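Chemist: sequence first, predicted coordinates after that:
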Amino acid sequence: MALKFQSPLTFLQGTGLTINPNDTELFGTVRQTITFSIGQDVVTTSDVLFNQITVSDEKFIIDNEDLFLKGGEISGSLTVSSNTAIAQNLTGNQDLTVLGTLTAEKIETEVTQSVTLFESGSTIFGDTSDDTHQFSGSFLTSGSLKLATSISEISNDTSLTDSNASGIVTENALKNYIDDSVEDEQPYLRKSFVHTGSFVSVSTSSFTATSASAPSGLTATSEEDFMFFVNGQMMEHDALTVAQSGSLFLLKIDNDSLGYDLESKDEVIAWGKFNS
């Protein structure tokens, strides 16, 4: 049997609740269907959307107890499939893995060493002078490279003319500099020829020879670059002077200092830096 209302029954919808028909008097005299709706499905297979959730002491469990929200903390596994913007600081106690490109205006790490990477300008590796940084492979730099406070450059100047006290030279620069030096200096340093003198006077003997000229940077050729022997006995340098006169090399002696005079029968031998 039918149930009729003595007074009409009315349902009014409110915030989050939709009623169809809304605000309609129901007497029960005829069959009527009333639909109550909260705007979205709430079954276990539904995608439920909330504008705001407030949690105090109780846990809010998401995804079959894999993710927990409690007291401002998130625990459990979280997968973000779209962009995420963080307005404040992000602090993590475990590893951070980035499978794509990591873009940052500044990266600063501090474990056993300090490393600061800036978007542009200077980059800092280490915080003390005893820090060691290892690189595997080639190291390329387009700017200046300072190895230490006392080293300012690596120079390829083959003439070494800049005389930089804080620069180091390349193998190429050193080889070419030595080769250039050897071309003039080494042949001069190796010159050792012997000539026999002719009697000129009791204090002079002449040699048909020309003394070698010292290259720039070396001490000029003097009597110190020769040894003289008279009848097999070496003559003291303090009593000798030499001079080049045209094609003749002259040996002049201080008779008083030497203690004897040259004679025509004496054999005077000169050994030293002659051209030939």
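Modeler: Here it is on my side, so go on.
Chemist: can you tell me the SS state at L218?
Modeler: coil (DSSP: H, G, I helix; E, B strand; the rest coil).
Chemist: skipping its backbone neighbours, what lies nearest it in space?
Modeler: In this structure, L218 finds its nearest non-sequential neighbour in E185, 6.4 Å apart by Cβ to Cβ, 6 or more residues apart in numbering. Backbone N, C-alpha and C define where each C-beta goes, glycine included.
Chemist: any weak-confidence spans in this protein?
Modeler: 1-3, 53-66, 69-72, 110-114, 146-149, 181-184 (pLDDT under 70).
Chemist: which helix is the longest one in it?
Modeler: Longest helix in the chain, counting residues (DSSP state H): helix 171-190.
Chemist: who's in contact with that helix?
Modeler: For helix 171-190, contacts defined as Cβ atoms under 8 Å, 6 or more residues apart in numbering pick out 155-160, 169, 212-218, 273.
Chemist: could you rerun that using 6 Å?
Modeler: The contact list for helix 171-190 (Cβ atoms under 6 Å, 6 or more residues apart in numbering) reads 156-158, 160, 212, 215.
Chemist: put the buried members of those residues into a PyMOL selection.
Modeler: Applying 16 or more other Cβ atoms under 10 Å to these leaves a buried subset, and the PyMOL line that selects it is:
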select buried, resi 157+158+160+212
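Chemist: using TSV, lay out the contacts of helix 171-190 together with secondary structure.
Modeler: Listed next are the contacts of helix 171-190 as TSV, based on three-state DSSP:
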residue	secondary structure
N156	coil
D157	coil
T158	coil
L160	coil
A212	coil
P215	coil
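Chemist: farthest-separated two in the contacts of helix 171-190?
Modeler: Greatest spatial distance in these: N156 and A212, 32.8 Å, computed using Cβ to Cβ.
Chemist: ok, N93 to E73 distance?
Modeler: 12 Å (Cβ to Cβ, to the nearest Å).
Chemist: higher neighbour count, these two?
Modeler: In this view N93 and E73 are compared by other Cβ atoms under 10 Å, and E73 has more residues nearby, 7 against 4.
Chemist: in the sheet, who's paired with that one?
Modeler: Here E73 sits in beta bridges with K70, as judged by DSSP bridges.
Chemist: what separates it from D95, distance-wise?
Modeler: In terms of Cβ to Cβ, E73 sits 19 Å off from D95.
Chemist: show me this protein divided up by domain.
Modeler: Following automatic domain parsing, one finds the domains of the chain at 1-75, 111-190, 191-272.
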